[in-house]
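*Asks:* what shape does this take:
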Amino acid sequence: MNQSQKTKPAASRERKTRIVATLGPASSSYDQIRDLFYAGVDVFRLNMSHGDHDDKRTLFKNIRDVETEVGRPVAILADLQGPKLRIGTFADEHVLLKEGQSFTLDLVQKPGDEKRVCLPHKEIFAAIEPGTNILLDDGKIRLAVSEKTADTATCTVVVGGPLSNRKGVNVPNAVLPLAALTEKDRKDLAFALQMKADWIALSFVQRAADVAEAKRLIGGKAAVMAKIEKPAAVQALDEILELSDGVMVARGDLGVEEPVEKVPGIQKQIIAKARKEGKPVVVATQMLESMIKAPVPTRAEVSDVATAVMDGADAVMLSAESAVGDYPIEAVAVMNRVAKRIEGEPTYFTNRHDSRADPTANTADAITAAARQVANTVGAKAIVTFTTSGSTAMRAARERPSAPILTLTPRTEIARKLSIVWGLHTVKTRDVTTFEEMIGKSKRMAMRQGLAEAGDRIVVTAGFPFGTPGATNVLHIAWINGNELN
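*Replies:* So this is what the prediction gives:
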């Protein structure tokens with residue numbers, strides 16, 4: 001990593017789309033995390049499905065140490081595992097299922113054979129009925145329920161193949177009577193909150209009540225990101241969006257439970273609705289999958305990342321590519337280059353304008369929409385927002401302005417939380433108490449962060465009285481004369 005990259009101002013990402021990278025064996029040391037940050041990572045994901053709390057405690061410390069070194073807020077996303085549905089074992093460790101044969105799932109705790117296997121989840125039997133599809137091994141095996149009782153399901157094999165011990169189970173056509181949070185998740189959640197994670201990703205969301213339960217347990221100590229990975233969640237998207245702080249398009253399980261040809265359209269639908277609500281949306285899973293083993297991506301993968309960026313996603317995410325891959329830094333660098341290139345396309349902001357949500361009838365939305373319009377009209381180099389809760393900055397990001405958004409907040413936890421949001425360059429700084437102080441600080445910080453210089457205009461928004469959450473009601477155009485840093 002060259003020295004010039006390490007000495008840029010703290011807020012000087014040259015793109016608006018954010019990058020989330022999962023940490024793992026390939027990226028757990030202080031030096032590796034620091035190099036990932038300089039390559040372009042804004043948010044680090046900790047997958048609570050793997051490792052123990054001691055491992056995660058080390059990662060938390062390394063991330064915060066890197067944050068201190070680089071002088072820029074860095075978000076931590078703790079991703080909870082959720083319920084894992086699996087079949088039992090086979091006497092010979094595996095069987096071969098043939099199309100058209102009968103195969104039974106039951107609650108009997110003994111090794112299976114080519115005729116039956118244990119499915120140790122009584123909740124599934126309560127939810128299925130004749131005609132229900134059951135998928136095994138990431139959808140490679142497809143069964144159709146023909147008969148059922150309280151503890152058995154007699155199925156016809158629709159798509160056969162080899163099946164081995166403890167393969168995963170998906171039931172796409174049913175809402176299962178399972179909570180999104182297992183006992184393991186509750187322990188992992190308590191640990192993540194103790195370590196001050198900024199975002200909690202909630203797996204196995206089926207209904208808005210799953211999000212409500214998580215928010216009750218979290219109690220405002222972190223933001224909640226609902227992973228949309230089940231058809232039931234897609235159906236309940238509006239209600240889930242209303243309760244959650246953000247959503248993730250988790251295309252792995254979604255692509256198992258939904259026909260693969262439907263996933264791109266669902267992705268666009270989720271992004272559009274999240275943008276309308278002003279909630280961050282992350283596109284995840286298999287974005288640069290080939291880079292787990294290859295130093296360059298396929299052209300199709302580049303196009304996939306580009307599509308998510310062009311559609312207006314707040315962030316794109318790397319999973320195994322950065323956690324266990326051979327080229328984690330290179331994968332981040334590819335995402336960084338693709339995002340910058342697409343954001344530089346002439347149609348990028350045209351698309352943002354066409355898909356922009358109309359402001360609601362309140363002062364804060366009106367001021368924020370006006371700030372974008374004014375910045376564009378006067379050619380302002382930056383929009384500066386003051387925020388204590390993050391709401392002013394989130395409104396500014398929803399407008400998708402072409403000018404950079406410099407967000408100033410006195411709260412470290414808000415600065416970190418906003419690191420996942422499109423276009424926000426967030427800096428923790430002391431709060432202001434007067435209008436004159438607000439304008440002076442806006443000019444100084446815009447210059448220090450390399451976003452403006454002498455002779456430039458900036459647009460400033462804030463809430464008055466200062467420090468009042470959600471009360472954006474001030475818009476001011478300021479001219480920088482160059483003496484502000486003296």
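*Asks:* where does residue 19 land in three-state SS?
*Replies:* Look at residue 19: counting by DSSP: H, G, I helix; E, B strand; the rest coil, its state is strand.
*Asks:* tell me what it is bridged to.
*Replies:* Beta-bridge pairing for residue 19 (DSSP bridges): residue 316.
*Asks:* quick check, it in contact with residue 339.
*Replies:* Yes. Taking contacts as C-beta atoms under 8 Å, residue 19 lies within contact range of residue 339: 7.4 Å. For glycine as for every other residue, the C-beta is placed from the backbone atoms N, C-alpha and C.
*Asks:* list the residues that contact both of the two?
*Replies:* residue 316 (C-beta atoms under 8 Å, 6 or more residues apart in numbering).
*Asks:* which residues touch the residue nearest to residue 67 when sequence neighbours are not counted?
*Replies:* Closest residue in space to residue 67, ignoring its immediate chain neighbours: residue 74 at 4.4 Å, by C-beta to C-beta, 6 or more residues apart in numbering. Contacts for residue 74 (C-beta under 8 Å, 6+ apart) come out as 37, 42, 43, 44, 63, 64, 66, 67, 416, 419.
*Asks:* what do you get if the cut-off is 10 Å, keeping everything else the same?
*Replies:* Residues near residue 74 by C-beta atoms under 10 Å, 6 or more residues apart in numbering: 33, 37, 41-44, 63-64, 66-68, 198, 415-416, 419.
*Asks:* chain center to stretch 297-309: distance?
*Replies:* 17 Å (C-alpha atoms, centre = their mean, to the nearest Å).
*Asks:* residues contacting residue 270?
*Replies:* 228, 233-234, 237, 240-241, 247-249, 254, 281-283, 311, 313.
*Asks:* that should have said residue 310, apologies.
*Replies:* 17, 303, 339, 342, 343, 345, 347, 348, 351, 352.
*Asks:* confirm for me that the fifth one is in contact with residue 14.
*Replies:* Yes. Counting by C-beta atoms under 10 Å, residue 343 sits close enough to residue 14 to count as a contact (8.9 Å).
*Asks:* low-scoring stretches of the chain, by residue?
*Replies:* 1-12, 351-361, 467-470, 484-486 (pLDDT under 70).
*Asks:* rewinding a little: now list the buried members of the contacts of residue 310.
*Replies:* 17, 339, 342, 343, 348, 352 (16 or more other C-beta atoms under 10 Å).
*Asks:* and the second one, which of the three is it?
*Replies:* By that I understand residue 339. helix.
*Asks:* against residue 253, how distant is it?
*Replies:* For residue 339, the distance to residue 253 equals 25 Å [C-beta to C-beta, to the nearest Å].
*Asks:* go on, the fifth one?
*Replies:* Distance, residue 348 to residue 253, by C-beta to C-beta: 30 Å.
*Asks:* do the same with the first one
*Replies:* In this structure, residue 17 lies at 24 Å from residue 253, with C-beta to C-beta as the measure.
*Asks:* what segments of the stretch 101-250 of the chain are helices?
*Replies:* With DSSP state H, counting those that start in this stretch as the criterion, the stretch 101-250 of the chain has helices at 122-127, 183-194, 208-218, 231-235, 237-243.
*Asks:* neighbouring contacts of the second one?
*Replies:* Around helix 183-194, the neighbours that count as contacts under C-beta under 10 Å, 6+ apart are 46, 48-49, 52-53, 56-57, 60, 76-84, 179, 181-182, 197-204, 214, 217-219, 221-222.
*Asks:* burial count for the residue nearest to residue 223 when sequence neighbours are not counted?
*Replies:* Spatial nearest neighbour of residue 223, chain neighbours left out: residue 245 (3.9 Å); criterion: C-beta to C-beta, 6+ apart. Residues lying near residue 245 (other C-beta atoms under 10 Å) number 21.
*Asks:* kindly report the same for residue 223.
*Replies:* Counted with other C-beta under 10 Å, residue 223 comes out at 26.
*Asks:* just confirm it contacts residue 215, I think it does.
*Replies:* Yes. Under the criterion of C-beta under 10 Å, residue 223 makes contact with residue 215 at 9.5 Å.
*Asks:* how is the chain divided into domains?
*Replies:* 3-82+180-347, 94-170, 358-479 (automatic domain parsing).
*Asks:* which one of these lies closest to residue 88?
*Replies:* Distance to residue 88, taken as C-beta to C-beta, is lowest for domain 94-170 among these, at 3.3 Å.
*Asks:* in the helix or strand residue 96 falls within, what counts as buried?
*Replies:* Assessed by DSSP states H and E, residue 96 sits inside strand 94-97. Within strand 94-97, the residues that count as buried by 16+ other C-beta under 10 Å are 95, 97.
*Asks:* who are the packing partners of it?
*Replies:* Counting contacts by 3 or more C-beta pairs under 10 Å, 6 or more residues apart in numbering; DSSP states H and E, strand 94-97 is packed against strand 116-118, strand 141-148, strand 152-159, strand 161-164.
*Asks:* contact partners of the first one?
*Replies:* Around strand 116-118, the neighbours that count as contacts under C-beta under 10 Å, 6+ apart are 86-91, 95, 97, 102-112, 136, 152, 154-155, 163, 165, 167.
*Asks:* can we see that at 8 Å?
*Replies:* 87-90, 95, 103-110, 112, 163.
*Asks:* in these, which residue is surrounded by the most others?
*Replies:* Neighbour counts for these, by other C-beta under 10 Å, peak at residue 105, which reaches 28 neighbours.
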